[in-house]
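# Here is the input, now give the coordinates:
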Amino acid sequence: MDTLLKTYFPIIRTREEVLNLIGEKEKLTNLFESWSEEQQEEFLDFCTGVKGVKILYDSFFKEIFNPEYHAERLEELLSLLLETKIRIKQILPNDSVRLADEYTLLITDIVIETEDGRIANLEIQKIGYAFPGQRTACYSADLLLRQYKRVKDRKRSENKKFNYRDLKKNFISDF
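Below you'll find the predicted structure:
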């Protein structure tokens with residue numbers, strides 16, 4: 001299997017190559033040896049293509065797609081998934097009062113805007129089905145109010161009359 005993967009992904013190294021690279025630097029060797037045998041094996045499996053990194057696990061997702069530090073990465077991912085260009089408007093605080101992060105159900109909560117001006121509250125949760133209709137209705141109302149205020153302020157600054165037809169279709173109803 002290693003040879004087959006290496007044919008398609010030449011950057012993948014063999015176990016021996018990875019261990020040799022680690023052994024070349026004292027700092028890497030010390031770090032690698034400070035891990036448990038299970039952690040070492042998991043790391044080697046990632047590097048050799050035996051296993052994939054579980055990108056949607058909290059630790060990876062939060063580091064790679066953190067909207068506070070890497071907004072452009074998350075915007076690009078969401079734009080591809082939603083099939084429309086989006087921009088992160090606001091990062092909402094996680095209101096969890098749980099002491100241990102591993103028990104938090106909410107991973108990310110952001111307000112996004114599509115290229116045509118629609119806004120949406122986008123949550124990434126560990127348990128997606130724990131999102132009842134009543135909660136959707138509350139978010140929909142909140143988004144409509146945000147849009148109403150924004151459009152009304154824009155119209156006022158342009159010395160134009162506000163009309164409810166200026167409001168865009170609610171993003172939630174598209175899914």
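
# Please work out the average pLDDT along the longest helix along the chain.
Longest helix of the chain, by residue count under DSSP state H: helix 133-157. The average pLDDT within helix 133-157 is 81.

# helices or strands up against it?
Applying 3 or more C-beta pairs under 8 Å, 6 or more residues apart in numbering; DSSP states H and E, one finds that helix 133-157 makes contact with strand 119-125. (C-beta placed from N, C-alpha, C; glycine too.)

# 10 Å instead?
Here helix 133-157 touches strand 86-91, strand 106-114, strand 119-125, going by 3 or more C-beta pairs under 10 Å, 6 or more residues apart in numbering; DSSP states H and E.

# Residue 8: which of these is closest?
Residue 8 lies closest to strand 119-125 among those, at 30.4 Å (C-beta to C-beta).

# how many other residues sit next to the residue nearest to residue 86 when sequence neighbours are not counted?
The spatial neighbour of residue 86 that comes closest, neighbours along the chain excluded (C-beta to C-beta, 6 or more residues apart in numbering), is residue 112 at 4.6 Å. Other residues near residue 112 number 22, with proximity taken as other C-beta atoms under 10 Å.

# how far away is residue 112 from residue 134?
22 Å (C-beta to C-beta, to the nearest Å).

# Spatially central residue in this protein, please.
Central residue of the chain (C-alpha atoms, centre = their mean): residue 65, 4.5 Å from the mean position.

# hang on, isn't it packed against residue 81?
No - counting by C-beta atoms under 10 Å, residue 65 does not reach residue 81; the two are 11.6 Å apart.

# re the thing from before, what's the angle between the longest helix of the chain and strand 86-91?
100 degrees (axes from the mean of the first three to the mean of the last three C-alpha atoms, to 10 degrees).

# what angle do helix 133-157 and strand 106-114 make?
Going by the same axes, to 10 degrees, helix 133-157 makes 40 degrees with strand 106-114.

# could the helices and strands packed on helix 133-157 be laid out in a markdown table, adding mean pLDDT and distance to residue 158?
Output for those, formatted as a markdown table (pLDDT from 0 to 100; distance: least, C-beta to C-beta, whole Å):
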| stretch | mean pLDDT | distance to residue 158 |
| --- | --- | --- |
| strand 86-91 | 89 | 20 |
| strand 106-114 | 80 | 19 |
| strand 119-125 | 75 | 19 |
